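Peer 1: here is my input, please return the structure:
(2 chains)
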Amino acid sequence: MTLHIKQAGVLSLLQDLGRYGHQDVGVTPGGPMDSHAFHWANKLLDNAANDAQIEITMGPFQAYFQAETTFSVCGADVEAKLNGQVIFPWHSWQASPGDFLELSYPSKGLRSYLAVAGGFQITETLGSMSSVMRDQLGGLDQQGHKLSDGDVVPYQSIKRHYTRTVPKQFTPDFNNVIRLGVLPTYQFHEFSESARTTLFNELYTVTPEMDRMGYRLKGKAVEVKQQNFISEGIALGAIQIPANGQPIVLMRDRQTIGGYPKIGCICQRDLNLLSQATPGTKVQFFEQDLYQAEAELQQVQQYFFEGD
Amino acid sequence: MKINLVNENSVIIYFSDTVSIETADRIAYACHLLRNGLATMLSDIVPSYTSILLSCNLRKTGLQGFVLAVKRVLEQIEAHNVDTPAAKQITLPVYYGEEVALDYAEISEHAGLPFSEVVKLHTSECYRVFAIGFAPGFAYLGNTPESITMPRKMTPRAKVPKGSVAIADQQTAVYPRSSPGGWQVIGRTPVNLLDFSQDNLSQFSVGEHVRFEAIDRVTFLAMGGEL
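Peer 2: Residues are numbered from 1 along each chain as shown, chains lettered A, B, ... in the order given. Next up is the predicted model:
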């Protein structure tokens, strides 16, 4: 019982929540770029929080369900069709054998998550199915390759006897300007007052140099004292400031250690927004209280992991 | 030693402002204690030259509880003033022949020494694993003898072959897989350093002692080395 992929699009990757416990030997965690959409796609189906899905970046994506299932699509604004009939993201839907799913190139946002009841069934490497192309880990072939036209992705044929919709207040608007909360950590206090003022007062722009590893932004240079900086562990969302003063936000496939000063971290809630941002999107940074962000994340996790 | 918050589920411990063998040893020992002491609270641990980044599982603990648990573990180290347990020592066979030492001419010229002398120096040192990163299993080993320190290549190579042993600044490393890279290649090991099918997937961990041992072409090939 498989999903037969007719068109994989620009970048489609199998992802679960990521590969943990191996960063000490340089293995990146990976995982879904937009964890908000990923969590909802599993939640709509009463899946376990870690069940594997297909992260579809840009698309367009076309596939046949070869067995009965209930599926969900969450994430970017895409035109989705099942057998030519329009369906909407942030919902779950029933599929019969032979049904044909199409997702267009997104009109807004960048990544969609396709989940099936019970999750896609593939072999784990180092405790995770997440595909990391750079590390040649995970995915269908366990070599980190992206999905290609003609691939078949196994799933169990499980049908939920209901379909669901994500409440409107939890579906994002994809704006041309996004506000990203900065946790004032790492070398925040070692940057000059004027560097911090620049970061918070200027608008930055998402450049085309953005991928699962990091997002390069451009705007007024954040002043950084050129210094020999000792490499240290890089946490999710870290904002590196290289010598040219242009921020780089480190994402799921980041390298585990790095030698640039970091002016803080983007809170995980707002990384979901950034991960849907296309080149040209404007970014406004603001200072975010760390304990408030932690409490929010804990609440989010409690909700999405409650069935596990 | 200081503990700083990093993000919703991570903290970083700084052990020193400067890189040294002593700090590397303390960090290796702290990692050992933290893994045991934090157990399932711990989601990931990233040791480096002077610091350890720790992330916790927020479903098991809050950040404040995690910081307290980390402090408790670290107090053990300070209170008992423990000696580090004997670190694992690894000896890696390396073939230093010209067909695999891709930068032998530049290295030799930069050091002002015949390449055979460079090899002697490279194999004379017992190195520490200071950090692992850049790519899975890529270990930064230090320090190389001063006379063979050398900057990275101006233009990185598009493909450094798997097993390549290389030097840059005061460090040496082995490329566990073929990848782009800017270090000066001095030789090649036939040993497979990374095996994703194993629990112990990397030969290296931070704090370990590493020596290189020169082998000839025949031995290199017999051990499965590829030219």
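
Peer 1: what's near enough to touch B:F196?
Peer 2: With contact taken as Cβ atoms under 8 Å, 6 or more residues apart in numbering or on different chains, B:F196 is in contact with A:T125, A:L126, A:L137, A:Q142. No exception for glycine: its C-beta is placed from N, CA and C like everyone else's.

Peer 1: if we use 10 Å, what do you get?
Peer 2: Residues counted as contacts of B:F196 (Cβ atoms under 10 Å, 6 or more residues apart in numbering or on different chains) are A:22, A:27, A:125-126, A:135-138, A:142-143, B:136-137, B:202.

Peer 1: top of the residues you listed by neighbour count?
Peer 2: Highest neighbour count within these, by other Cβ atoms under 10 Å in any protein chain shown: A:G138, with 30 neighbours.

Peer 1: ok, now which ones touch it?
Peer 2: Applying Cβ under 10 Å, 6+ apart to A:G138 gives the contacts A:13-16, A:18-19, A:30, A:52, A:122-126, A:128-132, A:144-145, B:196.

Peer 1: let's see it at 6 Å
Peer 2: By Cβ atoms under 6 Å, 6 or more residues apart in numbering or on different chains, A:G138 lies in contact with A:T125, A:M129, A:S130, A:S131, A:V132, A:G144.

Peer 1: any idea what the residue of chain B found nearest chain A is bridged to?
Peer 2: Across chain B, the shortest distance to chain A (Cβ to the nearest Cβ) belongs to B:L53, at 2.7 Å. Judged by DSSP bridges, the bridge partners of B:L53 are B:I12, B:V46.

Peer 1: who does the most centrally placed residue in chain B form a beta bridge with?
Peer 2: Central residue of chain B (Cα atoms, centre = their mean): B:A139, 2.8 Å from the mean position. On the basis of DSSP bridges, B:A139 is bridged to B:I132.

Peer 1: which element is B:V19 on?
Peer 2: Following DSSP states H and E, there is no helix or strand that holds B:V19.

Peer 1: no, scratch that, I was asking about A:G9
Peer 2: Short version: A:G9 belongs to no helix or strand, going by DSSP H and E.

Peer 1: okay, now the spatially closest residue to it that is not a sequence neighbour: neighbour count?
Peer 2: Using Cβ to Cβ, 6 or more residues apart in numbering or on different chains and skipping the chain neighbours, the partner closest in space to A:G9 is A:G59 (4.0 Å). Neighbour count for A:G59, taken as other Cβ under 10 Å: 23.

Peer 1: thinking again about what came up before, residues contacting the residue nearest to the centre of chain B?
Peer 2: Contacts for B:A139 (Cβ under 6 Å, 6+ apart) come out as B:V129, B:I132, B:F204.

Peer 1: least confident pick among those?
Peer 2: Note: of the contacts of B:A139, the lowest pLDDT belongs to B:F204, at 90.

Peer 1: tell me, how many residues neighbour it?
Peer 2: 25.

Peer 1: how about the helices in chain B?
Peer 2: For chain B, the helices defined by DSSP state H cover B:21-38, B:63-80, B:104-111, B:115-124, B:217-222.

Peer 1: quick check: residues of the stretch 1-150 of chain A near chain B?
Peer 2: A:Y20, A:Q23, A:D24, A:V25, A:G26, A:V27, A:T125, A:D135 (Cβ under 6 Å from any Cβ of the partner chain).

Peer 1: determine which two of those are furthest apart.
Peer 2: Largest separation among the residues of the stretch 1-150 of chain A next to chain B by Cβ to Cβ: A:D24 and A:T125, giving 16.7 Å.
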